[in-house]
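A.B. asks: Pasting the sequence and the predicted coordinates here, then a few questions.
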2 protein chains.
Amino acid sequence: MELQERHSDRPGFRPLYQQVRDLLVSRISTGAWRPAEALPSEQALAVELGVSQGTVRKAIDSLVAENLIERRQGKGTYVAQHTRESAQFRFFKLTHDGGERALPSCRQSTIIRRPASAEECAKLDLRRRSDVYQIARTRYARNKPVLRESIVVPAALFPGLDTRQPLPNTLYTFYQSEFGVSVNGARERLKAVAADKEAARELLAAPGAPLLSVERVALDVAGRPIELRRTAFLTENTHYGIELS
Amino acid sequence: MELQERHSDRPGFRPLYQQVRDLLVSRISTGAWRPAEALPSEQALAVELGVSQGTVRKAIDSLVAENLIERRQGKGTYVAQHTRESAQFRFFKLTHDGGERALPSCRQSTIIRRPASAEECAKLDLRRRSDVYQIARTRYARNKPVLRESIVVPAALFPGLDTRQPLPNTLYTFYQSEFGVSVNGARERLKAVAADKEAARELLAAPGAPLLSVERVALDVAGRPIELRRTAFLTENTHYGIELS
DNA sequence: GAGTGGTCTAGACCACGCA
DNA sequence: GCGTGGTCTAGACCACTCT
């Protein structure tokens, strides 16, 4: 290990526990430790890296706070996986007005491969003329259509995605288990828009009906953009529920 | 101090640092330490409470993570105040599509005192027939109306609020400095709705135009509901920007 | 019982702000 | 130079899980 000594006046100096944190992130994001896998024990890491257990512990604390890893007392420390119940709604905020969480299902979807637009290249950090896959689908809850979405991902990260139909409902667990891509954050822009003809047809609504439009850029463990998703929600009996803190 | 000893099998046992955390929260929420005031040093608190400095530190860490207090290296630890730049946009997520944060100003507002509705009593944890103040106002950015909002607060918490006109733009700093009420979290429900007649008139939009409707319950330091706010946004040139993590 | 994470302590030294 | 928070260490003991 080449952890940087204290006392260094070099401008790029970071505290030891942050250096350890960065090292753990890189081991996770490069796949050296895979989701659901156990990390070495705190003591083992401390010995390997030549720091105290307390320093390793502080690094792990910060990664737990970022939902990147999980601790299980008495067992060990594990790379977080998205397949668990608790993570299902982390990036899906639609709720029935009664309070029950909604997880709409998908009846069919289309997927095509095409070159990325200039906007997509910018938002996904792609080189010009890279290919993307685009998925379009309508999803239903309680037997009624509730949202229409368009999903764009870089083809390079998801080889053969178009041969995997039917795609599962919850794509992020699928991204992780099948392609090693872990979504760990998102930026969203919400607007109210009027339904265009296609959306109105798919959602069985009047043209011009108000729809909640959400444009999401999903980020991976290292903060890189992974997916661009535009969703239009019918919010007659549902809402988008968030907490600010 | 009556911190609970370790080894206790009592079901309500909490780790020492959490007990210290709870104690600090209660001192803040009861006003024993007021916003912008310095807490005693970590060492002084450790001596007072009969625990080690590390334990006090861990308690303070968690409160810093909750935005309840701030550390300033070399100076001390301070109760967070909302008047600072950085906190201005914590609960105000409207952004111009170009990326610049929007902070619409208010030209006039109305305020009335009336008994709370049943729904308001439920959402604000009030006794039946408690009084509330209701504020209604339209706010403008770049000389155009962008939102219409209705704000309901318990009269008991804000004595004489109706004599304080004109109310400032950013109410939360006003709540804190004038009434000792600190907003420290919020639950929001977002929907797309069609503009009704009043909203259309106030926002210079067509009746039926799509509006982003946000219903917010604002919470204080101890998690108690403080304010009920319904806002309708025109999102033609702006959006509601959030980060999920 | 062995091994893991969780809590708590005591103490050293560094970096910063201020008088 | 002093007092504050920030980093780092070393070690003790507790609580949990599995064998």
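C.D. replies: Looks like it came in fine.

A.B. asks: switch to C-alpha atoms for all contacts and neighbour counts from now on
C.D. replies: OK.

A.B. asks: Quick one: list the elements packing against the host helix or strand of A:Val20.
C.D. replies: According to DSSP states H and E, A:Val20 maps onto helix A:16-29. Identification of packing neighbours for helix A:16-29 by 3 or more CA pairs under 8 Å, 6 or more residues apart in numbering or on different chains; DSSP states H and E yields helix A:53-65.

A.B. asks: helices or strands up against whichever helix or strand comes after the helix it packs on?
C.D. replies: Using DSSP H and E, the helix or strand that follows helix A:53-65 in sequence is strand A:69-72. Here strand A:69-72 is seen to pack against helix A:53-65, strand A:76-79 when contacts are counted using 3+ CA pairs under 8 Å, 6+ apart.

A.B. asks: Centre of the chain to strand A:69-72, how far?
C.D. replies: Put simply, strand A:69-72 sits 19 Å off its chain's centre (CA atoms, centre = their mean, to the nearest Å).

A.B. asks: What of stretch A:217-227?
C.D. replies: Computed by CA atoms, centre = their mean, the separation of stretch A:217-227 from the middle of its chain amounts to 7 Å.

A.B. asks: Say whether chain B is contacted by it.
C.D. replies: No. Using CA under 8 Å from any CA of the partner chain, stretch A:217-227 never reaches chain B; the gap is at least 9.1 Å.

A.B. asks: tell me the mean pLDDT over that stretch?
C.D. replies: Average pLDDT, stretch A:217-227: 96.

A.B. asks: Kindly state the beta-bridge partners for the residue most central in space within chain A.
C.D. replies: Central residue of chain A (CA atoms, centre = their mean): A:Val183, 2.4 Å from the mean position. Beta-bridge partners for A:Val183, by DSSP bridges, are A:Asp220.

A.B. asks: Distance check, it against A:Tyr240.
C.D. replies: Going from A:Val183 to A:Tyr240 by CA to CA, to the nearest Å gives 20 Å.

A.B. asks: if we can go back for a sec, can you mark which positions in the helix holding A:Val20 are buried?
C.D. replies: A:Leu16, A:Tyr17, A:Gln18, A:Gln19, A:Val20, A:Arg21, A:Leu24, A:Val25, A:Ile28, A:Ser29 (16 or more other CA atoms under 10 Å in any protein chain shown).

A.B. asks: Then stretch A:109-128?
C.D. replies: A:Ile111, A:Arg113, A:Pro115, A:Ala116, A:Glu120, A:Cys121, A:Leu124, A:Leu126.

A.B. asks: cool, and stretch A:37-48?
C.D. replies: For stretch A:37-48, burial by neighbour count (16+ other CA under 10 Å) applies to A:Ala38, A:Leu39, A:Glu42, A:Leu45, A:Ala46.

A.B. asks: mean confidence for it?
C.D. replies: 97.

A.B. asks: okay, it in PDB with CA atoms only?
C.D. replies: Extracted C-alpha coordinates of stretch A:37-48, given in PDB (Å, rounded to 0.1, in the frame of the first residue of the first chain):
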ATOM      1  CA  GLU A  37     -19.400 -10.600  -1.200                       C
ATOM      2  CA  ALA A  38     -17.800 -10.200   2.300                       C
ATOM      3  CA  LEU A  39     -14.900  -7.800   2.700                       C
ATOM      4  CA  PRO A  40     -11.900  -8.900   4.800                       C
ATOM      5  CA  SER A  41     -12.400  -8.200   8.500                       C
ATOM      6  CA  GLU A  42     -11.600  -4.800   9.900                       C
ATOM      7  CA  GLN A  43      -8.600  -6.200  11.600                       C
ATOM      8  CA  ALA A  44      -7.300  -7.900   8.500                       C
ATOM      9  CA  LEU A  45      -7.700  -4.700   6.500                       C
ATOM     10  CA  ALA A  46      -5.900  -2.800   9.200                       C
ATOM     11  CA  VAL A  47      -2.900  -5.100   9.100                       C
ATOM     12  CA  GLU A  48      -2.900  -5.200   5.300                       C
END
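
A.B. asks: Is that stretch positioned near DNA strand C?
C.D. replies: Yes. Stretch A:37-48 lies within reach of DNA strand C by CA under 7 Å from any atom of the strand, at A:Leu39, A:Pro40, A:Ser41, A:Glu42, A:Gln43.

A.B. asks: Tell me how far that stretch lies from the chain's centre.
C.D. replies: Going by CA atoms, centre = their mean, where stretch A:37-48 is centred and where its chain is centred differ by 27 Å.

A.B. asks: In the buried residues of stretch A:109-128, find the pair that's most separated.
C.D. replies: Greatest spatial distance among the buried residues of stretch A:109-128 (CA to CA): A:Ile111 and A:Leu126, at 19.6 Å.

A.B. asks: Quick check: residues of chain A near DNA strand D?
C.D. replies: Residues of chain A found near DNA strand D (CA under 7 Å from any atom of the strand) are A:6, A:15-18, A:50-55, A:72-75.

A.B. asks: okay but A:Asp196 is in contact with A:Ala205, surely?
C.D. replies: No. Between A:Asp196 and A:Ala205 there is no contact under CA atoms under 8 Å: 9.8 Å.

A.B. asks: mind giving me a markdown table with the buried residues of stretch A:109-128 and columns for distance to DNA strand C?
C.D. replies: Output for these, formatted as a markdown table (distance: CA to the nearest atom of the strand, whole Å):
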| residue | distance to DNA strand C |
| --- | --- |
| A:Ile111 | 42 |
| A:Arg113 | 43 |
| A:Pro115 | 44 |
| A:Ala116 | 43 |
| A:Glu120 | 40 |
| A:Cys121 | 39 |
| A:Leu124 | 35 |
| A:Leu126 | 37 |
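
A.B. asks: Filter those residues down to just the ones in strands.
C.D. replies: Using DSSP state E, the members of the buried residues of stretch A:109-128 that fall in strands are A:Ile111, A:Arg113, A:Pro115.

A.B. asks: Indicate whether stretch A:64-81 makes contact with DNA strand C.
C.D. replies: Yes. Stretch A:64-81 comes into contact with DNA strand C (CA under 7 Å from any atom of the strand), by way of A:Arg71, A:Arg72, A:Gln73, A:Gly74, A:Lys75, A:Gly76, A:Thr77.
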